[in-house]
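>>> Give me the fold of what follows.
(one chain, ligands or ions: 1)
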Amino acid sequence: MSKLIAISATADSSKISLSLNYARSLEGAGLVPMIVPPLTDPTRAGDILDSVGGLLLTGGEDVDPKRFGAPPHPKLGRINPQRDATELALLEAARDRRLPVLAICRGIQILNVAFGGTLYQDLPSEHPSAVGHNSPRDAASRTHDVTITAGSRLAAATGAAAMAVNSYHHQAVCHVGAGLRVTAVAADGVIEGVEVDDPAWWVLAVQWHPEDLATDVRSWDRRIFKAFADEIARAEKAATRPSSAPRPGLAS
Ligand code: MN
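Next up is the predicted model:
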């Protein structure tokens, strides 16, 4: 285990891209970012995860509805099947290793799909409400509230029962995958947080963008990255069993 964190990113035909705030938020929690582009061979996901202490799934394109057995909605945005395949392979490799996972925005969506759940492909047409979920110009503003489930990892991380969050997404979790539990909900019922229902595997997922709010040292969102770092440190400690046997020296 290590402080190195694999961060999923997107790419077009020539360039990798990712908001720098993800990397800065990890660094702010004492972690080291390592960017992983969509892979031409997703079966190498395990090789990557053998070298890191955690996985951060980030925001980006819409998930291909083929992945959850739905026809494409007319308002479906850009998809990236190579990224879908890469992130699903990374999640499977993380599950095999019980590696801590933090999943943000698209991350909560791909996590839900990995667990057999479905997505709203376009909230305004499929789940219209008075809550503004898509305010990309307000990335650093808290535009709607969420209620946090007591006893969840999210509640433990933030120390909050409710909080105001930023919001820029047009997709969201619809049917929750088996093995996940809901940890945050907006006033209109849109699911804003889930976690894996397994005490041995730390997976925390949110629909909003804590990385854009974590630059404020007083921020609740900073605590999400701190909780991720604490879990990685805990897992590292558990994996390093103290040995009473004398270690052979290099010179002997
Ligand atoms: Mn929202």
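>>> Contacts for the host helix or strand of F225 next, please.
Assigned by DSSP states H and E, F225 belongs to helix 220-239. For helix 220-239, the external contacting residues (C-beta atoms under 8 Å, 6 or more residues apart in numbering) are 1-3, 5, 25-26, 28-31, 53-54, 56, 98-100, 102, 153-154, 156-160, 163, 165, 202, 204, 206, 210-211, 213-214, 216. For every residue, glycine as well, the C-beta is placed using N, CA and C.
>>> What parts of the stretch 151-252 of the chain come near the ion?
Selection of the stretch 151-252 of the chain residues close to the ion by C-beta under 5 Å from the ion yields S167.
>>> In the stretch 151-252 of the chain, what residue spans correspond to helices?
Taking DSSP state H, counting those that start in this stretch as the test, the helices found in the stretch 151-252 of the chain are 153-158, 220-239.
>>> Which positions in the shortest one come out as buried?
By that I understand helix 153-158. By 16 or more other C-beta atoms under 10 Å, the buried positions in helix 153-158 come out as 153-155, 157-158.
>>> The longest one too?
Neighbour counts over helix 220-239 (16+ other C-beta under 10 Å) mark 220-233, 235 as buried.
>>> C-alpha coordinates for that helix, CSV please?
Presented in CSV, the C-alpha positions along helix 220-239 are these (Å, rounded to 0.1, in the frame of the first residue of the first chain):
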residue,chain,number,x,y,z
TRP,A,220,-16.8,19.9,5.1
ASP,A,221,-15.7,18.7,1.7
ARG,A,222,-12.0,18.8,2.8
ARG,A,223,-13.0,16.2,5.4
ILE,A,224,-14.0,13.8,2.7
PHE,A,225,-10.5,13.7,1.3
LYS,A,226,-9.1,13.5,4.9
ALA,A,227,-11.3,10.5,5.6
PHE,A,228,-10.0,8.9,2.4
ALA,A,229,-6.4,9.5,3.5
ASP,A,230,-7.1,8.2,7.0
GLU,A,231,-8.6,5.0,5.6
ILE,A,232,-5.6,4.5,3.3
ALA,A,233,-3.3,5.0,6.3
ARG,A,234,-5.4,2.5,8.4
ALA,A,235,-5.3,-0.1,5.6
GLU,A,236,-1.5,0.4,5.3
LYS,A,237,-1.0,-0.1,9.0
ALA,A,238,-3.2,-3.3,9.0
ALA,A,239,-1.3,-4.7,6.0
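>>> And the average pLDDT for that helix is what?
Mean pLDDT, computed over helix 220-239, is 92.
>>> That one: how far from the chain's middle?
14 Å (C-alpha atoms, centre = their mean, to the nearest Å).
>>> So what's the residue count around the closest residue to the ion within the stretch 1-150 of the chain?
The ion sits closest to H133 of the stretch 1-150 of the chain, with a gap of 3.9 Å, by C-beta to the ion. Residues lying near H133 (other C-beta atoms under 10 Å) number 23.
>>> Do I have it right that it meets V190?
Yes: at 6.5 Å, H133 and V190 qualify as touching, with contact defined as C-beta atoms under 8 Å.
>>> Show me the common contact partners of the two, please.
123, 172.
>>> tell me which element the residue positioned nearest the centre of the chain falls in.
Taking C-alpha atoms, centre = their mean, the centroid of the chain lies closest to A103, which sits 0.5 Å from it. In this structure, A103 is located in strand 101-104 according to DSSP H and E.
>>> got the CA positions of that strand in CSV?
C-alpha atoms of strand 101-104 as CSV (Å, rounded to 0.1, in the frame of the first residue of the first chain):
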residue,chain,number,x,y,z
VAL,A,101,-12.3,4.1,-3.4
LEU,A,102,-13.5,7.7,-3.5
ALA,A,103,-16.0,8.3,-6.4
ILE,A,104,-17.2,11.7,-7.5
